[in-house]
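S.K.: Using only what follows, build the 3D model:
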Amino acid sequence: MMSAVNDTQFHPAVFILTGIPGLEDVQVWISIPYCLTHFSSVVMNSVILFIIKTEPSLHEPMYIFLSMLAVTDLGLSISSIPTTLAVFWLNSREISHDACFAQLFITHSLIFTQSSVLLCMAFDRFVAICIPLRYTSILTPPRVAKMGLVSLLRGMVLTFPLPILLKQHRYCKTNVLSHSYCLHAEVMKLACSDIRVNSIYGFFLTVSSLGLDSLLILLSYVTILKAVLSIASYKERLKPLDTCVSHVCIVLLYYMPAISLIVIHRFEEGSSPLVQDVVGKVYFLILPLMNPIVYCVKTKSIRERIIRMFIK
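M.R.: Numbering: from 1, shown residues only. Reported below is the predicted structural model:
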């Protein structure tokens, strides 16, 4: 019997993905709105990219950063959602270690890249509102391209040690993951060897990326708020603040589930698997859909371009 086998002799060649804990019998029905949401996020982010590419008036730093955000949203959806749908539709729960580590690398790279892009967008608003006369000289097209490239490289470099560290371990406790995709904090807890290095590096990664970026974004908006409050006219105050609303909404939508997911995995005792799964689904499914919706609603130029496109 398996229970009589010593844990150190149990070395699974694959991990087992799970669907939604406690709702296994209705997962096929849940997959319908799940798939529709995924499809909608892919279509809407693709539309945003198409509009920004084809509309010359949108070739400005703010919209270039928005296109980078759309690319990361597409990457997150494409890298994590298919394995979930495979679990829902085909009951395909097995994933090899290498495939799991590859998905983990892509997913975490995009998460940290997205954080960097949000920081770039905050810098764009800071320059536009606090030093508008130097906006075009500071955020030149080559510099914007370099900022995007650095954001991507930063995410990849920070994430690169994670799969390497995970490959050093043997996995003899269990091979069942509580999600339908691979995350570092969850995979490392399945190892039967010392994971202190993984834990320390994971904490460093969170602080140096999400923690630092969110702090810099907060500082930028504190400076923006001071600059706006110095304007005498109430109506004139609203104009610069209105350009920041979309970004503030996206920042809150990004960091709240991201931090919640990290806290749940760090201090998961007492939290139900269903709560973990719901927070993960919000991050990988709802957020890529909400980003284009927020910018379509709040950005007049994009909204008008979409209306013209569908009228034609």
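S.K.: quick one: low-confidence parts of the stretch 101-250 of the chain?
M.R.: 173, 232 (pLDDT under 70).
S.K.: Tell me which stretches of it form helices.
M.R.: 135-138, 141-159, 161-167, 184-187, 196-206, 212-229, 234-242, 245-266 (DSSP state H, counting those that start in this stretch).
S.K.: tell me the most buried of these?
M.R.: Mean neighbour count (mean count of other CB atoms under 10 Å) peaks for helix 184-187 among these, with a mean of 20. For glycine as for every other residue, the C-beta is placed from the backbone atoms N, C-alpha and C.
S.K.: re earlier: so which of the helices of the stretch 101-250 of the chain is nearest H108?
M.R.: H108 lies closest to helix 141-159 among these, at 4.4 Å (CB to CB).
S.K.: Buried ones in stretch 287-300, by neighbour count?
M.R.: 287-292, 294-296, 298-299 (16 or more other CB atoms under 10 Å).
S.K.: residue closest to the middle of the protein?
M.R.: Taking CA atoms, centre = their mean as the criterion, I111 is the residue nearest the geometric centre of the chain, at 4.0 Å.
S.K.: Setting aside sequence neighbours, what's the nearest residue to that one?
M.R.: The spatial neighbour of I111 that comes closest, neighbours along the chain excluded (CB to CB, 6 or more residues apart in numbering), is A258 at 6.9 Å.
S.K.: was I right about F88 contacting D25?
M.R.: No - contact status for F88 versus D25: not in contact, 12.0 Å apart, counting by CB atoms under 8 Å.
S.K.: For those two, indicate the residue with more neighbours.
M.R.: In terms of neighbours (other CB atoms under 10 Å), F88 is the more surrounded of F88 and D25; the figures are 21 against 7.
S.K.: from the chain's centre, how far out does stretch 141-155 sit?
M.R.: Relative to its chain's centre, stretch 141-155 lies at 17 Å (CA atoms, centre = their mean, to the nearest Å).
S.K.: before we move on, what about stretch 87-99?
M.R.: Its chain's C-alpha centre and that of stretch 87-99 lie 22 Å apart, by CA atoms, centre = their mean.
S.K.: buried set for that stretch?
M.R.: Of the residues in stretch 87-99, 87-88, 93, 95, 97 count as buried by neighbour count, 16+ other CB under 10 Å.
S.K.: and it, C-alpha only, in PDB?
M.R.: Taking C-alpha atoms only, stretch 87-99 is exported to PDB below (Å, rounded to 0.1, in the frame of the first residue of the first chain):
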ATOM      1  CA  VAL A  87      -8.100  20.100 -16.300                       C
ATOM      2  CA  PHE A  88     -11.700  21.200 -16.700                       C
ATOM      3  CA  TRP A  89     -12.400  19.700 -20.100                       C
ATOM      4  CA  LEU A  90     -10.100  16.800 -20.500                       C
ATOM      5  CA  ASN A  91      -9.300  15.900 -16.900                       C
ATOM      6  CA  SER A  92      -5.600  16.300 -18.000                       C
ATOM      7  CA  ARG A  93      -4.000  16.800 -14.600                       C
ATOM      8  CA  GLU A  94      -0.500  15.600 -15.100                       C
ATOM      9  CA  ILE A  95       2.400  18.000 -15.900                       C
ATOM     10  CA  SER A  96       6.000  17.100 -16.100                       C
ATOM     11  CA  HIS A  97       8.600  18.800 -13.900                       C
ATOM     12  CA  ASP A  98      10.200  20.600 -16.800                       C
ATOM     13  CA  ALA A  99       6.900  21.800 -18.200                       C
END
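S.K.: returning to what we had before: verify the stated contact: the residue nearest to I111 with L210.
M.R.: Yes - counting by CB under 8 Å, A258 does reach L210; the two are 6.2 Å apart.
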